[in-house]
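Here is a sequence with its predicted model. Questions after.
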Amino acid sequence: MKTSGGLWKECLQGRLPQPLGAEIDKFESEVLLKKQGKIDDKVFAETRLRRGCYGQRYDNGQRHDGKETQTLDYPSDNTKGPGTMWDAPGMQRIKIPYGGLNAGQLEMLAALSEEYSDGIAHITTRQDFQLHFVHIEDTPALMRRLASAGITTREACGNTLRNVTGCPLAGVCRTEAFDVTPYAKALAWHLLGHPDTQEFGRKFKISFSGCAEEACALAHIHDIGAVATVRDGKRGFAFYVGGGLGTVPQQAKLMADFVPDEELLPMAQAICRVFARLGEKKNRNTARLKFVIQKIGLEEFRRLVALERSTLKAEPRWTEYLTEVPAYREEARRPGALLEISGALDVEFERWRKSNVYEQKQSGYVTVTVTLPLGDITADQLRALADLARKYTKETIRSTVEQNLVLRWVSAAELPSLYEELKAAELAQPGAGTIVDVVACPGTDTCKLGISSSRGLAAELRARLLGKGYELDEAIRGLHIKISGCFNSCGQHHVADLGFYGVSRNKNGYTVPHFQLVLGGKWEENAGSYGLAIGAVPSRRIPETVDRITSRYLTERQGGETFHDYAKRVGKAALKAMIDDLTSVPPHDVDRGYYVDWSDAREYTIGDIGIGECAGEVVTPIEFQLAACEREAFEAQLALEAGEVGKATRVAYESMRNAALALLAWRLIPHDSTPDGILAAFKHAFYDTEYFFDPFTGGKFAQYYFAAHERRSRTSDAEQAHRLIEEAQLFIEASHACYGRLSAQKVVAA
Amino acid sequence: MDIQHFRVKLFATADSRPHLGDAIAVFHRWIQHRRLPELMIDVSDYEHVPSGPGVILVCHEAIYGLDQAKGKLGLVYNRRAPLNGSVEDRLRQAVAAADTAAGFLEQEPEFSGKLRFDRKAWEVSVNDRALAPNTEATWYTLAPVVRGVFEPLFGPTGYSLVRAVDPRELFRVTLSAR
C-alpha cells in the first residue's frame, strides 16, 4: 500500500547482504506476477509463507460482526492464496536466530512496526518477531529494510526449517555446559535455504539448550533439541529428536547422547535429509518428524541418519566456524561491579530485581529481563530499549520464548540507574517468569485457527494477578500460565503448570467460548513432561478456575511440594472435582457475558457461521452424550494415572466411538451397533460427506478415530495411551464442533 | 515530495477519564452499523501495553485508535492507503477523518461525560520514512502544508508548531492553538 517501496529498493541498492538481496528481488517479482494473475494461488501461498508472510483472520473476506456475516469488499478481487484476499491484512513473521538482537535491529523493528503494521511488535513463543495487519505489497520493502539490518524473514513460515531457537542465557548461564550461541548461529545460517531443507512436507524446528535441567530452549518439544554436553573435555551435544506440540504432542527422544561439535552441522543435515525423504508430503496432519519416528521406530531412524550422514559430501561450512568458537565471547560495556545499596530500600526496585534480574556466572554482571505484557512492545519502547542497550551493554539483547527481551552483561552496580531508565520507558514491570508473566499465542485476535481469545484471557489474568500483587504466596508466584487459542499449542500450554487451550461448546442454542484446562505439564527440564486436559470451562470463569486451583494448592501442598508434584499426588479426579461447578453456563438472557469472549464485544461465533436463535432450548441429548464422552476420556486419563494402561487405552477408544455414536443418533442415521458398524456409518455419514471436517484441519480428527479402531485389539504402552487420550479429546472436541456447525446450518435453513 | 500516509492525532482534553476498554464495544458497533466510510475490518485491544496504541479499529484504508502513545490520550487516524489530490488535500482528509471519528466517540453512551477532544491540540506525523524522514528538509517542505490546513481554523498566528527532533522517529509536529 505504501507508494515508497521502490525508493527503499534504490536507497538500499548494493547494501544488502547476499543472497538475501537477490532473494527479495525474486520475491518482489513473484508478488508482481501474482498481482497480474500469472502465478497459481497455491504456489504463491507457499512462496509467501516461505518468506514469512502469513494469512490473518478474516482474510477470506468474511467476518461475523456479532449479528451477521459481513462481506469485506476489498478493492481487489485478486487473491494471495486459496480463499485469501489480496488486500486483506496479513502477518509478517521475522526470524531472530537464538533470539540474538542488537540496538540497530530494535530500531529497525520499531520503524517497520510503525510504518507497515499497527505500531506494535510482537514476540512469539519461538523468539521470532511478528508484525500484524501488513499489506502483501509492502512486504518486499519491509524485507529489504530488515535485510539491511542483518535480519531475514526467509523460511519463517511454510514447510521449512523455522527459527533456530536458543537459551537466552547462553554464555552467561550458571548451569550451562558451554555457550551454545556460536553453534546455534552457525546451524541457523548453514541450513537457511540449504537444498536439503527445501523438500519438507511440514515445518521443522531446532533448539539449543546449554543444560538439561532448566527450561532453556525447551529441547523436548523440538524436532531436534540439541543440549550442550562435555565429554572428556570435548564439546558436543545430546540430540533429542521427534518432539513437537501441536494437536497431539510428542516428547523428543534421545537419538544420540553425544554428537561431537564438528558433527553438529552434518548430523542435523542428515536428519533433515531423512525427514525430507521419509516425511509425509500429502497429509499435513501426519507430516512432522515425530510421525516418521513413530512409524519406523527410533532404532531404524538412527540407522537411516547414520547411513545418510555417511553419504554426505563434506561442506567447508561444517567446521569453518569452529575456529572462531574458542574466542567467541560477548563483551560488556562497563566493568563488572557488585551492586551496593545504601539508604532506605526501594521496595519496587527490590521486587523488580528479585524477579527480573539474573546473576550471571561472570562476577559483577547480571542479565535483566524486560517484561513485555503478552509479548507486545511499542515502537517508542523499542527505541528506548535500543538506547539503553547501547548505554549499559554492548547491545547484547535477546528475545525469549516467554515473549520477553533480555539485556545481558549489565554491570550489577548500574542496576538502580538502569531500572530508573526502564521505568521511564514503562519497561520495568516486575514478575518476569512468574505467574503474572502469562504467555499467549495470538488466538482469535489475528490467527485464522483461533477458537477462543487467548490474548484476551491472558490480559485479563495478568491484570487480575498483578492486582493481587505481592499478596500472592511465593509458591504461586512461581507458576507458569500458558494459553493457546486452539489445540495447536502455539502458546505451549502442554508445558505449563496451568495450561489452557481454546474450545467451544454449544449451550442453550448458542456457541460459548471455553478453555480446556491442561494440568501436569512441566516447564523445567527442557519441557520435562506434557499435561493433559481435565475439562472445559467457560472462558468467563477461567479467572475463578485459576484462583480456585492455586488456592487449593497453597492450602493442601505438603512441605515444599511443587505444583507439578501436588497435582500428581492429589490426582486428576480431585482436581477436576475442584472446578466442576465452574463448568455450567447460565442461560443467555440471564448472563450474556458468557456468550462474549474476552477483549471482544460481539456475540461469540465459530467460523463466522452465525449462532442458533433458539434461546431457551432445552439441552439436547447429544450434548449430554458428548459430555459423557468427555467424562470417559477423563476416566481414561485417571486409569493411565493409576498405571492401568490397558484400561486407559480401551476407555479412550470407547469415548471416541461413543462420540461418533452420539452424532449418528442425533442425525437419526441407521447403523449396525457393532464397533465396525458404528465406524462404517460414521464414515459414510460424516467423513465421506466432509460434514465432520474442520475448515483448517480437514478430516484429521476423524482419522484419529479410524486409527484407534484399527489398533483397538493391540497392546499399548503408556506413551501410546497418553497419545490416544489426547486424540480422543480432540475427536470429541471435533464432534462438538461438528454438532455446532450442522445445527447452525439447520437453524439458518429453517 | 509526493507525501502520503499522514497520521493525525487529536488529543483528548486533560479532564477526560474514559475507560479505554469501552472503545472495544464502540468500535465493534461501528463495524456493525458501517459508521465510517472506510472498509472496517477488525478491532484490536492493546490496553495492556503502557503508552501504547490503546484500542484500534483496523480498516483497509486507515487505522483508527483511541491511543495513549507517549502517555497522552487521543484519537488517531493513521492513513494507510494512498490518496489522490495534493499533499494538502491528503492532510486535510486525515484531519477531517480524525475530527469526525472523535465527534462520534464523544457521542457514544460509553464515553458520555468522560471523553472530550481538544480541537486546539493536534499532532501530525507522516508514516513513511522514505517519503518524509524526520529532517529539516521535510520540515521545510511540510510546514507550509500543515499551515495551509490549520491556518483557516486558527488564523496565521493563532497556533504554534513544534517538531520532534529524534531522527529515528517519524516526522512529527505538535500543534497547539491558543
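On my side now, so go ahead.

Can you name every helix or strand that the helix ranked longest in chain B contacts?
When chain B is parsed with DSSP state H, its longest helix is helix B:87-107. With contacts taken as 3 or more C-beta pairs under 8 Å, 6 or more residues apart in numbering or on different chains; DSSP states H and E, helix B:87-107 sits against strand B:6-12, helix B:22-32, strand B:62-67, strand B:74-79, strand B:117-126, helix B:136-154. In this view, the C-beta of every residue, glycine as well, is placed from N, C-alpha and C.

List the contacts of A:Ala425.
A:Asp380, A:Gln381, A:Ala384, A:Leu385, A:Leu388 (C-beta atoms under 8 Å, 6 or more residues apart in numbering or on different chains).

Let's see that with 10 Å instead.
Taking C-beta atoms under 10 Å, 6 or more residues apart in numbering or on different chains, we find A:Ala425 in contact with A:370, A:377-378, A:380-385, A:387-388, B:50-51.

ok, it to A:Ala379 distance?
12 Å (C-beta to C-beta, to the nearest Å).

if we can go back for a sec, for the helices and strands packed on helix B:87-107, which one sits closest to chain A?
helix B:22-32 (3.8 Å; C-beta to the nearest C-beta).

so does that closest one get close to chain A?
Yes: for helix B:22-32, a contact with chain A is found by C-beta under 10 Å from any C-beta of the partner chain, at B:Asp22, B:Ala23, B:Ile24, B:Ala25, B:Val26, B:Phe27, B:His28, B:Arg29, B:Trp30, B:Ile31, B:Gln32.

Using TSV, please lay out the residues you listed together with pLDDT and neighbour count.
Below are the residues of helix B:22-32 next to chain A laid out as TSV (pLDDT from 0 to 100; neighbours: other C-beta atoms under 10 Å in any protein chain shown):
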residue	pLDDT	neighbour count
B:Asp22	98	19
B:Ala23	98	28
B:Ile24	98	23
B:Ala25	98	19
B:Val26	98	21
B:Phe27	98	28
B:His28	98	19
B:Arg29	98	16
B:Trp30	98	22
B:Ile31	98	23
B:Gln32	97	16
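
circling back: and the contacts of A:Ala425, which of them are in strands?
Among those, the residues falling in strands (DSSP state E) are A:Val370, A:Ile377, A:Thr378.

So which of those residues wins on neighbours?
Greatest neighbour count in those, by other C-beta atoms under 10 Å in any protein chain shown, goes to A:Ile377: 29 neighbours.

Double-check that residue against A:Phe129; I have them as touching.
Yes: look at A:Ile377 against A:Phe129 with C-beta atoms under 10 Å: they come within range, at 9.3 Å.

any residues in contact with both of these two?
With C-beta under 10 Å, 6+ apart, A:Ile377 and A:Phe129 have common neighbours A:Leu106, A:Leu109, A:Ser113, A:Ala121, A:His122, A:Ile123.

ChimeraX command to pick out the buried ones of those?
Entered in ChimeraX, the line below selects the buried ones among the shared contacts of A:Ile377 and A:Phe129, by 16 or more other C-beta atoms under 10 Å in any protein chain shown:
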select /A:106,109,113,121,122,123
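
Can you flag which of the shared contacts of A:Ile377 and A:Phe129 belong to strands?
A:Ala121, A:His122, A:Ile123.

Contact partners for the second one?
The contact partners of A:His122, by C-beta under 10 Å, 6+ apart, come to A:91, A:93-94, A:113, A:128-132, A:372, A:374-377, A:403, A:442, A:445-446, A:455.

mind listing what residue 168 touches?
Chain wasn't specified; assuming chain A. Contacts for A:Pro168 (C-beta under 10 Å, 6+ apart) come out as A:98-100, A:127, A:216-217, A:358, A:367, A:369, A:397-402, A:404-406, A:408.

sorry, should have said chain B
A:107-108, A:110-111, A:379-380, A:382-383, A:386-387, B:129, B:133-134.

And those, which of them are buried?
The buried subset of the contacts of B:Arg168 (16+ other C-beta under 10 Å) comprises A:Glu107, A:Met108, A:Ala110, A:Ala111, A:Ala379, A:Asp380, A:Leu382, A:Arg383, A:Ala386, A:Asp387, B:Arg129, B:Asn134.

Take these and write them to TSV, including pLDDT and distance to A:Phe237.
Converted to TSV, the buried ones among the contacts of B:Arg168 look like this (pLDDT from 0 to 100; distance: C-beta to C-beta, whole Å):
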residue	pLDDT	distance to A:Phe237
A:Glu107	98	34
A:Met108	98	32
A:Ala110	98	35
A:Ala111	98	37
A:Ala379	98	38
A:Asp380	98	40
A:Leu382	98	33
A:Arg383	98	37
A:Ala386	98	33
A:Asp387	98	37
B:Arg129	97	43
B:Asn134	98	47
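
between those residues, which is nearest A:Ser117?
Of all these, A:Ser117 sits closest to A:Ala379, with 9.2 Å by C-beta to C-beta.

so the closest one touches B:Arg7, yeah?
No: if you go by C-beta under 10 Å, A:Ala379 and B:Arg7 don't touch, sitting 11.8 Å apart.

so what's in contact with the two at the same time?
By C-beta under 10 Å, 6+ apart, the residues touching both A:Ala379 and B:Arg7 are A:Glu114, A:Glu115, A:Gly119, B:Leu170.

where's the second one relative to chain B, distance?
What that stands for is A:Glu115. Distance from A:Glu115 to chain B, counting by C-beta to the nearest C-beta, to the nearest Å: 6 Å.

which ones are touching the single nearest residue of the stretch 251-400 of chain A relative to chain B?
For the stretch 251-400 of chain A, the residue closest to chain B is A:Pro373, as judged by C-beta to the nearest C-beta, at 4.3 Å. A:Pro373 is in contact with A:403-404, A:429, A:431, A:436-438, A:455, A:458-459, A:462-463, A:466, B:46-50, B:52, counting by C-beta under 10 Å, 6+ apart.

change it to 6 Å
B:His48 (C-beta atoms under 6 Å, 6 or more residues apart in numbering or on different chains).

try the one 4 residues further on
When the contact criterion is C-beta under 6 Å, 6+ apart, the partners of A:Ile377 are A:Ala121.

quick one: the helices in the stretch 601-750 of chain A?
A:621-641, A:645-666, A:675-682, A:700-711, A:718-749 (DSSP state H, counting those that start in this stretch).

who wins for proximity to A:Gly166 among these?
helix A:718-749 (27.7 Å).

for the closest one, which positions count as buried?
Those buried within helix A:718-749 under the rule 16+ other C-beta under 10 Å are A:720-744.

do stretch B:96-103 as well
Neighbour-count burial for stretch B:96-103 [16+ other C-beta under 10 Å]: B:Ala97, B:Ala98, B:Asp99, B:Ala101, B:Ala102.
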